[in-house]
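Engineer: Here you go, sequence then predicted model.
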Amino acid sequence: MSDNVDRPECSFDKWAENFDDSIASDPGCFGRYEDVLDAVVEAARIQPGMQVLDIGVGTANLALRCVARGAHVIGLDPSDGMLAKAREKVDQHASIQLIQSAQPFLSTGYPDDIFDAVVSTYAFHHVEHETKPDAVREMARVLKPGGIIAIGDLIFENARAEQEAVQKYEWLDEEPFSHLDELRAEFSRLGMTLDCHQYTPVSWVIHATGIKQN
Ligand SMILES: C[S@@+](CC[C@H](N)C(=O)[O-])C[C@H]1O[C@@H](n2cnc3c(N)ncnc32)[C@H](O)[C@@H]1O
């Protein structure tokens, strides 16, 4: 990557060093962080031998949980710094491959139908609204028929719920947060059903199942 300080992942490069520590001191955005990650692993039904794609892998906290269950994980992330921190935490023999990718939700770089599960935590809200449908289609494209997509993130029921939260919580920055009504419609267009569970006033774990038609 170039040294262009304007690239958005720069803020993640800087944050990487203390990212894991900072989670505990941010109960607003990262409230119930450990529960959310555990719930994503449960929702994706991670089991030994599964091929899992973790998008926005960060410092590998979710990927390490999947590996602990015997899965093989490929973790994609745009940030050099986050990936460097992840590499420090990942045993060189662990079944995790960490790969830098500029827009991993939009272009995973993998063929159709190869992952048993696509997972992600606290990263999908970095995808712009207009390209979220493309990101949903890309996740479904690389998923094996019958596979599961599981995401934990800052998400709102709809645009109104987001507006209310932005006004209520001064710590909540405006970002292109997903809306459940739009995600349900997008997954439904692919023949998949979305299950949604709320963890905090701003975070949900969602998972899509069903045979995709893409
Ligand atoms: C808040 S961290 C979450 C990291 C990790 N998934 C976790 O739950 O601890 C957000 C991560 O998303 C990555 N990211 C930023 N923009 C992204 C994008 N457009 N697509 C995918 N990942 C992105 C960042 O580099 C960072 O590693």
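Structural biologist: That came in fine, so what should we check first? Numbering: from 1, shown residues only.
Engineer: Pull out the buried residues from the helix or strand hosting A150.
Structural biologist: A150 is part of strand 143-156 when elements are defined by DSSP states H and E. Within strand 143-156, the residues that qualify as buried are L143, K144, G147, I148, I149, A150, I151, G152, D153, L154, I155, F156, counting by 16 or more other C-beta atoms under 10 Å. Backbone N, C-alpha and C define where each C-beta goes, glycine included.
Engineer: got the buried residues for stretch 110-126?
Structural biologist: 110, 115-126.
Engineer: now do stretch 81-94
Structural biologist: In stretch 81-94, the ones that count as buried by 16+ other C-beta under 10 Å are G81, M82, L83, K85, A86, V90.
Engineer: Return the member of those residues nearest to the ligand.
Structural biologist: Ranking those by separation from the ligand, with C-beta to the nearest ligand atom as the measure, puts M82 on top at 3.8 Å.
Engineer: Next one: the closest residue to the ligand within the chain relative to F187, how far apart?
Structural biologist: Ranking the residues of the chain by distance to the ligand (C-beta to the nearest ligand atom) places G58 first, at 2.3 Å. When distance is defined by C-beta to C-beta, to the nearest Å, G58 is 24 Å away from F187.
Engineer: Contacts made by the host helix or strand of A140 with the rest, please.
Structural biologist: Using DSSP H and E, the secondary-structure element containing A140 is helix 132-142. Taking contacts as C-beta atoms under 8 Å, 6 or more residues apart in numbering, the residues outside helix 132-142 that touch it are 53, 55, 105-108, 110-115, 118, 124, 127, 149, 176, 178, 182-183, 186-187, 190, 192, 208, 212, 214.
Engineer: ok, which of the residues you listed also contact the ligand?
Structural biologist: Checking the contacts of helix 132-142 against the ligand by C-beta under 6 Å from any ligand atom, the ones in range are I55, F105, V127.
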